[in-house]
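Asks: Using only what follows, build the 3D model:
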Amino acid sequence: MQLRPEQLAAHLDKPLAPLYLLHGDEPLLVIEAADAIRAAARKQGFEEREVIVVGTSFKWDELFLAAGNMSLFGGNKLVDLRIPSGKPGREGSEALQRYVGTLGPGVVTLITLPELDWQAKKAAWVTALANAGVAIECNAPPLARLPQWIAERLARQGQSAPRPALEFIAAHVEGNLLAAHQEIQKLGLLHPQGEISLAQVEAAVLNVARYDVADLREALKNRDTLRAVRTLEGLKGEDAAPPLVLWALATEARALAAMSVRVRALLHAAKIDRMIKGLARGDVWDEFLQLALRLTQTGTR
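Replies: All right, here's what the predicted structure looks like:
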């Protein structure tokens, strides 16, 4: 069964299929679709998830063992199989075709792939997976449809914008859906629900360059403490919107590899969020500085 990405939400309101196959040229859409399937699985009682990543030394028996082992919690289980190369090889293709014959109740399998070329789409293993469950090809919309895609995303957060504003965002991101997604999120932080004018959109998009929020994220990624501190001082001097600065810091906190440090950083971000909302006392910009120092001086990402 083939579904378009926009059909997935309605589909997930029903009992889940035994298998989902995600692939396409737009990583953002693949990630969002996978997140939606995982959330629906949790909602429908699939309490345990086992993630399997196919690498060079991967043994395909692991897939069968994962599907065969009962959940530790006595409930249903989601097997989250990821094939980053998109090429399982002869052994893998044969194993996947055998695997669909073992699908049964209590287990849902989510298989994530990158973009597949036309030959791979016709491969026997891809056909077998699609026939056994639901296949979704997550491709970026054509440039001509990008303004409408942006409008749909704005509507999800209760906002709208005139056509010239939508075209301005589309031109600014140059077809990059992740960049468009970030601009839309930023508009949600800066403006309340309702219509946003072209002037407001232009100011929000251009504020990235003026406020150097992108520079702040770059400094955090590169562990450049001095640059991060200077950028924060500049943002404060230009009265940058605190929710936007917090968004940049929290985004980098989520990218930390060390789980313990990531949790502490996100807890710190949550504390700042309460300050911004007036639910806790403290100096927001001083806390921004402390969090930036934590992120630039922590261990390996």
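Asks: lowest-pLDDT helix or strand in this structure?
Replies: helix 198-211 (a mean of 71; mean pLDDT, DSSP states H and E).
Asks: what about the strands in the stretch 51-200 of the chain?
Replies: Under the criterion DSSP state E, counting those that start in this stretch, the stretch 51-200 of the chain carries strands at the ranges 77-82, 107-112, 134-137, 159-160, 194-195.
Asks: What ranges in the protein fall below the confidence cut-off?
Replies: Along the chain, the parts satisfying pLDDT under 70 run over 69-75, 206-212, 257, 298-301.
Asks: repeat that for 50
Replies: For the chain, applying pLDDT under 50 flags the ranges 208-211, 300-301.
Asks: got a list of what residue 26 touches?
Replies: Counting by C-beta atoms under 8 Å, 6 or more residues apart in numbering, residue 26 touches 138-140, 177. (C-beta placed from N, C-alpha, C; glycine too.)
Asks: Now, those residues that are in helices?
Replies: residue 177 (DSSP state H).
Asks: nearest to residue 223, of the contacts of residue 26?
Replies: Checking these against residue 223 by C-beta to C-beta gives residue 177 as the nearest, at 28.0 Å.
Asks: Burial check on the closest one, number of neighbours?
Replies: 19 (other C-beta atoms under 10 Å).
Asks: just the one 10 residues further on next, same as before
Replies: Neighbours of residue 187 under the rule other C-beta under 10 Å: 22.
Asks: and the gap between it and residue 181?
Replies: In this view, residue 187 and residue 181 are 11 Å apart by C-beta to C-beta, to the nearest Å.
Asks: the helices in the stretch 51-200 of the chain, which residues?
Replies: In the stretch 51-200 of the chain, the helices defined using DSSP state H, counting those that start in this stretch lie at 61-68, 89-99, 118-121, 124-132, 146-156, 163-173, 177-190, 198-211.
Asks: wait, which of those is closest to residue 218?
Replies: Of the helices of the stretch 51-200 of the chain, nearest to residue 218 by C-beta to C-beta is helix 198-211, at 11.8 Å.
Asks: Residue 219 contacts residue 228, doesn't it?
Replies: Yes - at 4.0 Å, residue 219 and residue 228 qualify as touching, with contact defined as C-beta atoms under 8 Å.
Asks: Looking at these two now, which is surrounded by more residues?
Replies: Taking neighbours as other C-beta under 10 Å, residue 219 and residue 228 compare with residue 228 leading, 28 against 23.
Asks: Buried residues in the strand or helix carrying that one, which are they?
Replies: Using DSSP states H and E, residue 228 falls within helix 225-237. Going by neighbour count (16 or more other C-beta atoms under 10 Å), the buried part of helix 225-237 is 227-228, 231-232, 235-236.
Asks: Just say which of the strands of the stretch 51-200 of the chain is most tucked in.
Replies: Comparing those by mean neighbour count (mean count of other C-beta atoms under 10 Å), strand 107-112 ranks first with a mean of 24.
Asks: Run me through the strand neighbours of that one, direction for each.
Replies: Strand 107-112 has its sheet partners listed here by DSSP bridges as strand 19-23 (parallel), strand 77-82 (parallel).
Asks: Looking at these, spot the one closest to residue 172.
Replies: Per C-beta to C-beta, nearest to residue 172 of the strands paired with strand 107-112: strand 19-23, 28.1 Å.
Asks: quick one: residue 22 and residue 165, what's the gap?
Replies: Residue 22 is 31 Å from residue 165, by C-beta to C-beta.
Asks: I'd like the distance from stretch 264-284 to the chain centre, please.
Replies: Chain-centre distance of stretch 264-284: 24 Å, with C-alpha atoms, centre = their mean, to the nearest Å.
Asks: Just the C-alphas of it, formatted as CSV.
Replies: Presented in CSV, the C-alpha positions along stretch 264-284 are these (Å, rounded to 0.1, in the frame of the first residue of the first chain):
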residue,chain,number,x,y,z
ARG,A,264,21.2,18.8,32.1
ALA,A,265,21.3,21.3,29.3
LEU,A,266,17.7,20.7,28.4
LEU,A,267,16.6,21.1,32.0
HIS,A,268,18.6,24.4,32.1
ALA,A,269,16.7,25.5,28.9
ALA,A,270,13.4,24.6,30.5
LYS,A,271,14.3,26.8,33.5
ILE,A,272,15.0,29.7,31.2
ASP,A,273,11.8,29.1,29.4
ARG,A,274,9.9,29.5,32.7
MET,A,275,11.8,32.8,33.3
ILE,A,276,10.8,34.1,29.9
LYS,A,277,7.2,33.3,30.7
GLY,A,278,7.4,35.0,34.0
LEU,A,279,7.0,31.8,36.0
ALA,A,280,10.4,31.9,37.6
ARG,A,281,12.8,34.6,38.8
GLY,A,282,16.2,35.2,37.4
ASP,A,283,18.3,37.1,34.8
VAL,A,284,17.4,35.5,31.4
